[in-house]
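J.: Provided below for reference: sequence and predicted model.
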Amino acid sequence: MNNLIMRRMAVSEEYQPLVAESLVGSVTISTPPGNQATVHFKGDDGSDVPWVPGEWHTFRSVDLSTFQVKGTTGDIVTVVGGTW
């Protein structure tokens, strides 16, 4: 069965996963233009990958629990897509 994924996540100054448990889906992840600062995603090699406010990328069939993010308190990341 296909399910809708729509999430808004507040970032913190420490890395945290986008979701707590495994959730595989095809989604667009974005850092809304209203954010005050850059949000950092943890790269596959452990490096910080900066996303500026307004940046977005589409991913197909990824486990959202593998994404780690951090940033300025008050900024957010949105996730929209589904399990198709």
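T.: Sure, I can see it.

J.: what residues does stretch 77-84 touch?
T.: Residues from elsewhere that reach stretch 77-84, judged by Cβ atoms under 8 Å, 6 or more residues apart in numbering: 1-9, 11, 18, 23-32, 39, 58, 64, 69, 71. C-beta here means a position set from N, CA and C on the backbone, and glycine is covered the same way.

J.: can you show me the strands along this structure?
T.: If DSSP state E is used as the criterion, the strands of the chain fall at 4-10, 16-17, 24-30, 39-42, 48-51, 56-63, 68-70, 76-82.

J.: format the ones you listed as a markdown table; extra columns: mean pLDDT.
T.: Compiled in a markdown table, the strands of the chain are given as follows (pLDDT from 0 to 100):
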| stretch | mean pLDDT |
| --- | --- |
| strand 4-10 | 97 |
| strand 16-17 | 97 |
| strand 24-30 | 98 |
| strand 39-42 | 98 |
| strand 48-51 | 98 |
| strand 56-63 | 98 |
| strand 68-70 | 98 |
| strand 76-82 | 98 |
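
J.: would you list those strands in TSV and tack on mean neighbour count?
T.: Below are the strands of the chain laid out as TSV (neighbours: other Cβ atoms under 10 Å):
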stretch	mean neighbour count
strand 4-10	13
strand 16-17	16
strand 24-30	19
strand 39-42	20
strand 48-51	14
strand 56-63	13
strand 68-70	18
strand 76-82	17
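
J.: OK, contacts around the spatially closest residue to residue 12 that is not a sequence neighbour?
T.: Using Cβ to Cβ, 6 or more residues apart in numbering and skipping the chain neighbours, the partner closest in space to residue 12 is residue 73 (6.0 Å). When contacts are counted by Cβ under 8 Å, 6+ apart, residue 73 touches 10, 11, 12, 13.

J.: tell me how many other residues surround the last one.
T.: Around residue 13 there are 9 other residues, counting by other Cβ atoms under 10 Å.

J.: so it sits against residue 70, correct?
T.: Yes. Between residue 13 and residue 70 there is a contact under Cβ atoms under 8 Å: 6.1 Å.

J.: returning to that earlier point: list just the nearest of the contacts of residue 73 to residue 53.
T.: Nearest to residue 53 among these: residue 11, at 11.9 Å, using Cβ to Cβ.
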